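Novice: with the input below, show me the fold.
(one chain, ligands or ions: 1)
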Amino acid sequence: MRKPLVAGNWKMNLLVADAVKLANALKPLVQDVTGVEIVVCPTFAALHAVGKALEGSNIAMGAQNCYPKESGAFTGELSPQMLLDVGCSWTIIGHSERRQYFHESDAFLNEKLKFALASGLKVMFCIGETLEERKSGKMNDVLTRQVTDGLAGLSEEADFDRVAVAYEPVWAIGTGVTATPEQAEEAHRFVRGLLEDQFGGNVSEKVRIQYGGSVKPDNAAELMAKPNVDGSLVGGASLKADGFAGIVKASA
Ligand code: PGA
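Specialist: Residues are numbered from 1 along each chain as shown. Okay, the predicted model is just below:
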């Protein structure tokens, strides 16, 4: 019932020409895929050019971050309005690298989420525990805090047509260590339960929960086979057109 959402997070990689090349290489490889919503998230610098390259294709574009103001004296930041202007329909918010390196708090991420939605963007909202948190038995507490505080104030059922939650265990990001399908399913089921407690069954049944962390063409199908895994957020493997296309097709 939930249409899989597969997004490539290109992170701080690819100069504009290479980003456009990757977008152009990806287009024919996935043009016949209908059952999957496909998104790529280039760097800010490449958004405009990649947006042009993707026009008329079945690949949507997202940003990797945004600032919760429309305009003004916020040096170095970009507003949702600017992202929409260059062709984004999505943005990632709350990636663990933002939380870790840029100290973005749950409250600030919640502000970004609400502002991005109100501005008309769709949001992939990232959560996930570190290895230390998992090992010390705090995983469920961390996920509970990230969901409760991060999604606070989203009451309208309609909001959740435009929000996906990406469960990305920090220990699996960029490490080559993927959560097993069972670990992913267990966490996704827990998160869906949190959504049910906070927002009710209609919302929890429709929200897509993506898995992220070392997703590759050869492990995507087994992850996707789990009932609560509704797509993926792919870093490293999204930088190769054939690899990302393989993940998209494995998710169909
Ligand atoms: P990875 O990154 O696929 O390279 O592990 C995932 C992510 O950070 O979204």
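Novice: switch to C-alpha atoms for all contacts and neighbour counts from now on
Specialist: Fine.
Novice: how about the residues of the stretch 1-150 of the chain near the ligand?
Specialist: residue 9 (Cα under 6 Å from any ligand atom).
Novice: nearest to the ligand: which residue in the stretch 1-150 of the chain?
Specialist: Nearest to the ligand in the stretch 1-150 of the chain, going by Cα to the nearest ligand atom, is residue 9, at a distance of 5.6 Å.
Novice: which parts of the stretch 151-252 of the chain are strands?
Specialist: 163-167, 208-212, 231-234 (DSSP state E, counting those that start in this stretch).
Novice: turn the ones you listed into CSV, columns for mean neighbour count and distance to residue 3.
Specialist: Conversion of these to CSV gives the following (neighbours: other Cα atoms under 10 Å; distance: least, Cα to Cα, whole Å):
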stretch, mean neighbour count, distance to residue 3
strand 163-167, 25, 11
strand 208-212, 29, 8
strand 231-234, 30, 8
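Novice: my read is that the residue of the stretch 1-150 of the chain closest to the ligand contacts residue 41, right?
Specialist: Yes - counting by Cα atoms under 8 Å, residue 9 touches residue 41, with 5.0 Å between them.
Novice: ends of stretch 73-81, how far apart?
Specialist: With Cα to Cα, to the nearest Å as the measure, stretch 73-81 spans 15 Å from end to end.
Novice: in it, what counts as buried?
Specialist: For stretch 73-81, the neighbour count (16 or more other Cα atoms under 10 Å) marks 78-81 as buried.
Novice: repeat for stretch 131-147
Specialist: 133-134, 139-140, 142-144, 146-147.
Novice: what does stretch 99-109 give?
Specialist: For stretch 99-109, by 16+ other Cα under 10 Å, it's 99, 104-106, 109.
Novice: same question, stretch 142-161
Specialist: 142-144, 146-152, 154, 159-160.
Novice: how long is that stretch from one end to the other?
Specialist: First residue to last in stretch 142-161 (Cα to Cα) measures 25 Å.
Novice: got the buried residues of stretch 73-81 as a markdown table, with distance to residue 198 and pLDDT columns?
Specialist: Output for the buried residues of stretch 73-81, formatted as a markdown table (distance: Cα to Cα, whole Å; pLDDT from 0 to 100):
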| residue | distance to residue 198 | pLDDT |
| --- | --- | --- |
| 78 | 30 | 98 |
| 79 | 28 | 98 |
| 80 | 26 | 98 |
| 81 | 29 | 98 |
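Novice: related to what we said a few turns ago, list the contacts for the residue of the stretch 1-150 of the chain closest to the ligand?
Specialist: By Cα atoms under 8 Å, 6 or more residues apart in numbering, residue 9 lies in contact with 40-42, 64, 233-236, 238.
Novice: can you give me the helices for the stretch 1-150 of the chain?
Specialist: Secondary structure of the stretch 1-150 of the chain, counting by DSSP state H, counting those that start in this stretch: helices at 16-30, 44-54, 80-85, 96-101, 106-119, 131-135, 139-150.
Novice: for the third one, packing partners?
Specialist: Okay, so that is helix 80-85. With contacts taken as 3 or more Cα pairs under 8 Å, 6 or more residues apart in numbering; DSSP states H and E, helix 80-85 sits against helix 106-119.
Novice: alpha carbons of the helix it packs on, as PDB, please.
Specialist: Extracted C-alpha coordinates of helix 106-119, given in PDB (Å, rounded to 0.1, in the frame of the first residue of the first chain):
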ATOM      1  CA  ASP A 106      15.700  17.900  17.900                       C
ATOM      2  CA  ALA A 107      14.000  21.200  18.600                       C
ATOM      3  CA  PHE A 108      15.800  23.000  15.700                       C
ATOM      4  CA  LEU A 109      15.100  20.100  13.400                       C
ATOM      5  CA  ASN A 110      11.500  20.200  14.300                       C
ATOM      6  CA  GLU A 111      11.400  23.900  13.400                       C
ATOM      7  CA  LYS A 112      13.000  23.100  10.100                       C
ATOM      8  CA  LEU A 113      10.600  20.300   9.400                       C
ATOM      9  CA  LYS A 114       7.500  22.500  10.100                       C
ATOM     10  CA  PHE A 115       8.800  25.400   8.100                       C
ATOM     11  CA  ALA A 116       9.800  23.200   5.100                       C
ATOM     12  CA  LEU A 117       6.400  21.600   5.100                       C
ATOM     13  CA  ALA A 118       4.600  24.900   5.400                       C
ATOM     14  CA  SER A 119       6.700  26.200   2.500                       C
END
